[in-house]
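Enquirer: Make a model of this:
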Amino acid sequence: MRYFQLALLCLCAYTQYNLWFGHNGLEDFRRIKAAVDKHQAANADLAKRNKLLKADIEDLKLGLEGVEERARHELGMIKPNETFIRVLSKKHDE
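Expert: Prediction:
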């Protein structure tokens, strides 16, 4: 009977070791879960970016206001008979 109890104790210790430190144990689970959480956060950011890009595409497809706004902002274009005024802020470093 004594050997049977010793064998059960050894088996229990072995399974606990595998659970905590072995291959596919809790340490691997934590590491993989952290990687999955990181990738899900990155995917959420990319989904937001894709949504904004789709909105820009739809805006550019539907009307000229989006094209005009983009041309004015990114290219600095102005309409004929329009005066362009640029206001620069003073730098306080000097």
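
Enquirer: Now do the helices in the chain.
Expert: When assigned using DSSP state H, the helices of the chain occupy the ranges 2-21, 26-62, 64-75.

Enquirer: Look through every helix and strand of the chain and give the one with the lowest mean pLDDT.
Expert: Among the helices and strands of the chain, helix 64-75 carries the lowest confidence by mean pLDDT, DSSP states H and E, at a mean of 76.

Enquirer: Can you list the neighbours in contact with it?
Expert: By C-beta atoms under 8 Å, 6 or more residues apart in numbering, the list of residues contacting helix 64-75 from outside reads Asp56, Asp59, Leu60, Met77, Ile78. (C-beta placed from N, C-alpha, C; glycine too.)

Enquirer: Let's have the residues you listed in CSV, adding neighbour count and pLDDT.
Expert: Conversion of these to CSV gives the following (neighbours: other C-beta atoms under 10 Å; pLDDT from 0 to 100):
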residue, neighbour count, pLDDT
Asp56, 12, 83
Asp59, 14, 77
Leu60, 14, 76
Met77, 12, 76
Ile78, 11, 77
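
Enquirer: Spatially, which two of those residues are the most separated?
Expert: Taking C-beta to C-beta, the two most distant members of the contacts of helix 64-75 are Asp56 and Ile78; they sit 22.1 Å apart.

Enquirer: got the contact list for Gln51?
Expert: Small correction: residue 51 is Lys, not Gln. If you count contacts by C-beta under 8 Å, 6+ apart, then Lys51 has nothing around it.

Enquirer: Sketch out the low-pLDDT regions of this structure for me.
Expert: By pLDDT under 70, the low-scoring segments of the chain are 92-94.

Enquirer: try it again with 80
Expert: For the chain, the stretches flagged by pLDDT under 80 are 59-60, 63-80, 82-87, 91-94.

Enquirer: any idea how far the most centrally placed residue in it is from Arg30?
Expert: Per C-alpha atoms, centre = their mean, the C-alpha nearest to the average position across the chain is that of Ala42, at 1.9 Å. If you measure Ala42 against Arg30 using C-beta to C-beta, to the nearest Å, the figure is 19 Å.

Enquirer: likewise Glu74?
Expert: 46 Å.
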